[in-house]
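Trainee: Prediction below, plus the sequence it came from.
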Amino acid sequence: MTYFRILALLALFVMAVGLTQTAHAQLDPCDPNQPQSALTLCNAERLDAWDGLLNEVYQRVIGTLDEAQEENLRQAQRAWITYRDLTCGMERARYEGGSIAPMIELTCLTRLTERRTRDLEEYMRP
């Protein structure tokens, strides 16, 4: 596991359990008592972190596959992206017009991206 990856996973864990603290005891940026815009931004940052990890794991998996397996994974990944986007669009649609809609979609995208990352990591196991 690379040093960067370990740090990224640790940061995600700390954010996920709400233990983020600073020397000045600032609030967790995903504290539900924050304004909606701050919550949306926090969820966008979480998505970016998981998306980066997904891309890293995907590239590592691709490097272990033969040509036919690689094409299968590429097709599966394209299908997964379609599934993810449609699923999260559906979740967002329930709140369309409200300020919470973007955060709902980001939370869904993050959840599914995390799951896909973990699924791809399983391909790396012997």
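Mentor: Right, received. Where do you want to start?

Trainee: alpha carbons only for contacts and neighbour counts from here, please
Mentor: Noted.

Trainee: Measure how buried W50 is and give me the count.
Mentor: By other Cα atoms under 10 Å, the residues close to W50 number 23.

Trainee: typed the wrong thing, it's P35
Mentor: P35 - counted by other Cα under 10 Å - has 11 other residues nearby.

Trainee: Tell me the pLDDT of it.
Mentor: pLDDT for P35: 82.

Trainee: quick one: contacts for it?
Mentor: For P35, no contacting residues are found, by Cα atoms under 8 Å, 6 or more residues apart in numbering.

Trainee: Skip ahead from the helix or strand bottoming out on mean pLDDT in the chain and say which helix or strand is next.
Mentor: None of the helices or strands of the chain scores lower by mean pLDDT, DSSP states H and E than helix 3-16, at a mean of 48. Using DSSP states H and E, the next helix or strand after helix 3-16 towards the C-terminus is helix 36-62.

Trainee: Now do that next one: which elements does it pack against?
Mentor: Contact partners of helix 36-62 among helices and strands, from 3 or more Cα pairs under 8 Å, 6 or more residues apart in numbering; DSSP states H and E: helix 3-16, helix 101-123.

Trainee: what's next to the longest one, contact-wise?
Mentor: Read that as helix 101-123. Contacts of helix 101-123 (Cα under 8 Å, 6+ apart): 39-40, 43-44, 46-47, 50-51, 53-54, 57-58, 61, 84-85, 88-89, 91-95.
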